[in-house]
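> Quick one: sequence and predicted model below, then my questions.
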Amino acid sequence: MAHSVALIDDHHLVRSGIAAMVNNVGGYTVVMEAANGREFMRALSGNEEPAIAIVDLFMPVMDGFETIAWLKNNAPGIRPLALTFDASDDVMVRAVRAGARGFLLKNARPAVLKVALDSLMLTGYYTSDELHETLVDKQQLKTPQEKQQEKIIAAITPREMDFLLLVCAPEEYTYEQIADKMNVHRRTVDGYRESLVEKFGIKSKTGLVLFAMKWGIVKP
């Protein structure tokens, strides 16, 4: 049975194109479309929830950040995939903090879309750093979540953990501000980041936040 997908984007042509891609990649069917978050909320009322919602971040009336935050609080069973042209860390971290489980660029190829949807259904998250391996690798999928979480946390040094918690803080600190709060040089902060990259294959600030949420280091 195909997994159900909702599309929320104010551009009809973009929505139509993505709908065609979703319906053609196999295993997924678009069951709901909306031009903004408010319209999506109305469409959800009284209807069965889709498994995944692909949500444009920049829309009028009720944008993607607001929509994703609303889903997190009111329909947590729906996995939000943020849709955007802007892949900057600031935008993506803001979306993750709102509740996004991953990101899809509007110019993504069908193969990338398929990987994103499959990863959302399999692990609950998707990030394009190294496809879904950014969050969990194949060996981790074979290991009970609790045991893997213990191994991951044990591999993080106390100072790396301090750095990671500051990266995930709602104040959205820059790396320079994190260095100031940790009373270390900016190069030292870069060293903490590079160490986590080497250990877990994370390649961006967004990846760090998703990683911390995935393994219970911080709450979504």
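That came through fine.
> so A35 makes contact with D10?
Yes. Using C-beta atoms under 8 Å, A35 is in contact with D10, at 4.8 Å. (Each C-beta comes from the backbone N, C-alpha and C, glycine too.)
> which residues are common contacts for the two?
Shared contacts of A35 and D10, defined by C-beta atoms under 8 Å, 6 or more residues apart in numbering, comprise M59.
> what about the residue nearest to V25 when sequence neighbours are not counted, helix or strand, and which?
Once flanking residues are discounted, V25 sits nearest to K114: 4.3 Å by C-beta to C-beta, 6 or more residues apart in numbering. Element membership for K114, per DSSP states H and E: helix 110-123.
> how about that helix: buried residues?
Under the neighbour-count criterion of 16 or more other C-beta atoms under 10 Å, helix 110-123 has 112-120, 123 buried.
> Can you name every helix or strand that it contacts?
Applying 3 or more C-beta pairs under 8 Å, 6 or more residues apart in numbering; DSSP states H and E, one finds that helix 110-123 makes contact with strand 3-8, helix 12-25, strand 52-56, strand 79-84, strand 103-105.
> what sits up against the shortest one?
This points to strand 103-105. By C-beta under 8 Å, 6+ apart, the list of residues contacting strand 103-105 reads 54, 81-85, 87, 92, 95, 112-113, 116, 126-128, 206.
> Now, of those, which are buried?
Buried members of the contacts of strand 103-105, scored by 16+ other C-beta under 10 Å, are 54, 81-84, 92, 95, 112-113, 116, 126-128, 206.
> Identify the farthest-apart pair in these.
L113 and T206 (18.6 Å; C-beta to C-beta).
> how close does the closest residue to H12 other than its chain neighbours get to A19?
Counting by C-beta to C-beta, 6+ apart, A35 is the residue found nearest to H12 once chain neighbours are left out, at 7.7 Å. A35 sits at a distance of 13 Å from A19 (criterion: C-beta to C-beta, to the nearest Å).
> E49 too?
Applying C-beta to C-beta, the value for E49 to A19 is 18 Å.
> Now do the helix or strand harbouring W70: which elements does it pack against?
If you go by DSSP H and E, W70 is part of helix 64-74. Contact partners of helix 64-74 among helices and strands, from 3+ C-beta pairs under 8 Å, 6+ apart: helix 37-44, strand 52-56, strand 79-84, helix 89-98.
> which of those is buried the deepest?
Across those, the average number of neighbours (mean count of other C-beta atoms under 10 Å) peaks for strand 52-56, which reaches a mean of 28.
> quick one: contacts for V55?
Contacts of V55 by C-beta under 8 Å, 6+ apart are 8-9, 37, 40, 64, 67-68, 71, 80-83, 100.
> make it 7 Å
Residues near V55 by C-beta atoms under 7 Å, 6 or more residues apart in numbering: 8, 64, 67-68, 80-83.
> Likewise for G64?
For G64, the contact set (C-beta under 7 Å, 6+ apart) comprises 55-58, 82.
> at 6 Å instead, please
Neighbouring residues of G64 by C-beta atoms under 6 Å, 6 or more residues apart in numbering: 55-57.
> Quick one: low-confidence residue ranges for this structure.
Within the chain, the segments meeting pLDDT under 70 span 127-147, 220.
> domain assignment for it?
Per the record, the chain has its domains at 3-126, 139-214, by automatic domain parsing.
> Of those domains, flag the one that's most buried.
Across the domains of the chain, averaging neighbours per residue (mean count of other C-beta under 10 Å) puts domain 3-126 on top, at a mean of 19.
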